[in-house]
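Q: Sharing a sequence plus its predicted fold:
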Amino acid sequence: RARTHGPTHKMVCLLGREHASHRRDVGIARLLPSAVLAASWSAASAVVVAAAVGPQHHELLGSAWTEALARLAPTHVERKRLEASGQAQFEASTARGIIPHAVLDDVFPGFFVHGVANEIPEGLGDEDGCVPLPDWHCFRKSGPTSHFENAKNLQVTETSMGPATQMLMGLLRSGAWVSLLQRITGVNNLIPDPTLHGSGIHNTFASGFLKLHTDFNYNAELELHRRVNMFIYLNDDWEESFGGHLELWNRDLTRCDASILPTFGRVVAFRVSEVSYHGHPNPMTAPLGRSRRSIAMYYYTATPRPQSECVRGPCRTEVTTLWEEALVKCPLTVASIDEERSQTIAEDLPETSVTQVDEEGVVPMFEVKASAEADALCNHAAANHTQVGLVLHGFNVLKPARTSSAADCCILCASLHYCRSWSWGRDERHEWWQHCFLKGRSRARSQRDDCCVSGWWPGRSRPRR
């Protein structure tokens, strides 16, 4: 009951006589429930891959398959963790009025994901940002669509993929995985993409990007409606400063609601609609030799999405990919990069004595020993501006510390050449009590609030009101 081309044709040949009826080329969605369909394809992948690799790899791949499926069993502790976390994230994002989504780490066995990553070339791009290998489609830097997707490569031919990657594709179509995804997303009767139309392997090189967009809503070949996108990221030791964050925006492109680092083994799933704007729109700054690699799988249903998710007419109307551009960069992405950069200069901190975190996780208290310069900046009215009942906003150059006084918070900031202003929680009833926030922005925003006392130096740029 599967289409007889590509890897599904091999499945028909290898599964045995009891599946001979599957050879007929019939409509997928109309005849098979998603769980049955997915189970057939996952079994096919296991058989095909087992036949394609040698005995040394066979045992390793078999172990990966067994452990991955075991984790997805309904009674397994990992399955329960993933389901609970995913459902909570989808419910929370839905309640906030943003794209329903979940970010899950440690979903699949690490050695399995490493096996997949090792089969996908990293940093092997030519000057036009293309993988110079057969069966790869490239959105070139010099191509006609380079304004929308740049230096991005796509591999959709499963028979050209490595054995571990083929096995992962089968797992993503398995009944066990589809069942979990349905529980997390709240979308029932999901059907995984059998032809990898736009999904498969994605590989984007340095300076590449994917502008904000909404996806096509209908696969005419399969006569199915696209409902859920899912990505597995394969980027080991991927730093914030490399960029490539997946951004999720609101329907008016006035607010960036999420910025997700594409780090190794991370799984992101979100519900697709005509207003689910997403992408990684900023040119990546990853070093040469690194590229942003992921596995994508799209899931469909035989029935249209709810009308509430369709803004361009009836949900049965076919809508293609729509590209847009926000007027500003995502502040969440900028903040993430700034935070990492601040950690790289943590050795500039003045000498401190830090108490141990207690069982309740109390933030350590800094006992600052002031240098002569810091003491001069903080204890002379002419050198600094301090106001009670004022809190400063903006990006923190370090995670909040605890200091015993506002003076110590000031000294801590003055001791760091990249700190421009500071706020200290003075109200013991407030959650920020004794917390010292160090600001790196030259023009931090401020507002009146009795919770805090704040200060800045004219030479380090006074914050904007």
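A: Great, that's in hand. Numbers count the residues shown, from 1 in each chain.

Q: show me the contacts for the nearest residue in space to Thr320 that is not next to it in sequence.
A: With C-beta to C-beta, 6 or more residues apart in numbering as the criterion, Thr320 has its nearest non-adjacent residue at 5.1 Å, and that residue is Phe216. Every C-beta, even on glycine, is put in place using the N, C-alpha and C of the backbone. Neighbouring residues of Phe216 by C-beta atoms under 8 Å, 6 or more residues apart in numbering: 198, 226, 318-321.

Q: Tell me how far Ala112 lies from Leu261.
A: Wrong residue type there; residue 112 is Phe, not Ala. According to C-beta to C-beta, to the nearest Å, Phe112 stands 21 Å off from Leu261.

Q: Relative to Glu274, how far out is the residue nearest to His278 when sequence neighbours are not counted?
A: Distances taken as C-beta to C-beta, 6+ apart place Leu248 nearest to His278, at 5.2 Å, with adjacent residues excluded. With the distance defined as C-beta to C-beta, Leu248 ends up 15 Å from Glu274.

Q: one step back: neighbour count for the contacts of Phe216 - can I get that in JSON lines?
A: Shown next, in JSON lines, are the contacts of Phe216 (neighbours: other C-beta atoms under 10 Å):
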{"residue": "Gly198", "neighbour count": "17"}
{"residue": "Arg226", "neighbour count": "22"}
{"residue": "Glu318", "neighbour count": "11"}
{"residue": "Val319", "neighbour count": "17"}
{"residue": "Thr320", "neighbour count": "9"}
{"residue": "Thr321", "neighbour count": "12"}
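
Q: returning to what we had before: give me the more crowded residue out of Leu248 and Glu274.
A: Leu248 (24 against 19; other C-beta atoms under 10 Å).

Q: Go ahead and report the secondary structure state at that one.
A: strand (DSSP: H, G, I helix; E, B strand; the rest coil).

Q: dump the residue contacts of it.
A: Leu248 makes contacts with 98-99, 101, 256-260, 270, 276-278, as judged by C-beta under 8 Å, 6+ apart.

Q: if you set the cut-off to 10 Å instead, what comes out?
A: Applying C-beta atoms under 10 Å, 6 or more residues apart in numbering, we find Leu248 in contact with 93, 98-101, 212, 255-260, 268, 270, 276-279, 330, 332.

Q: Counting only helices, which of these make the cut?
A: Among those, the members falling in helices are 93, 332 (criterion: DSSP state H).

Q: burial of Cys310, as a residue count?
A: Residues near Cys310, counting by other C-beta under 10 Å: 18.

Q: Surely Met284 is in contact with Asn203?
A: No. Using C-beta atoms under 10 Å, Met284 makes no contact with Asn203, being 11.8 Å away.

Q: So which of these two has more stuff around it?
A: Neighbour count, other C-beta under 10 Å: between Met284 and Asn203, Asn203 has more, with 26 against 23.

Q: which residues does the more buried one form a beta bridge with?
A: Here Asn203 shows beta-bridge partners Asn153, Arg293, assigned using DSSP bridges.

Q: That one: what's it in contact with?
A: Neighbours of Asn203 in contact, by C-beta under 10 Å, 6+ apart: 120-125, 129-131, 136, 138, 151-155, 234, 291-294.

Q: Show me which of those are buried.
A: 120-122, 124-125, 129-131, 136, 138, 151-155, 234, 291-294 (16 or more other C-beta atoms under 10 Å).

Q: and the closest residue in space to Pro262 that isn't next to it in sequence, how many residues sit next to it?
A: With sequence-adjacent residues excluded and distances taken as C-beta to C-beta, 6+ apart, Pro262 is closest to Tyr233, at 4.0 Å. Residues lying near Tyr233 (other C-beta under 10 Å) number 25.

Q: Could you pull up the contacting residues of Tyr233?
A: 105, 113, 117, 202, 244, 246, 260-268, 292-295.

Q: can you do 8 Å?
A: Contacts of Tyr233 (C-beta under 8 Å, 6+ apart): 262-268, 292-294.

Q: now do Leu168
A: Counted by C-beta under 8 Å, 6+ apart, Leu168 has contacts 108, 112, 116, 232, 295.

Q: Please repeat the previous calculation with a cut-off of 10 Å.
A: Per C-beta under 10 Å, 6+ apart, neighbours of Leu168: 45, 49, 64-65, 68, 108, 112-113, 115-116, 119, 161-162, 232, 295, 297.

Q: again with Glu149
A: Contacts of Glu149 (C-beta under 10 Å, 6+ apart): 139-140, 143, 202, 204, 208-211, 213, 279-280, 321, 323.

Q: What is the burial count for Tyr299?
A: 28.

Q: I should have written Gln447 there, sorry.
A: 11.

Q: That one and Gln387 touch, don't they?
A: No. Between Gln447 and Gln387 there is no contact under C-beta under 10 Å: 11.5 Å.

Q: And the next helix or strand past whatever helix or strand Leu180 lives in?
A: Element membership for Leu180 (DSSP states H and E) is helix 175-185. Sequence order places strand 191-192 as the next helix or strand after helix 175-185, per DSSP H and E.

Q: Look up how far Trp238 lies from Glu122.
A: Distance from Glu122 to Trp238, by C-beta to C-beta: 11 Å.

Q: got any residues that touch both of the two?
A: By C-beta under 10 Å, 6+ apart, the residues touching both Glu122 and Trp238 are 286, 290, 292-293.
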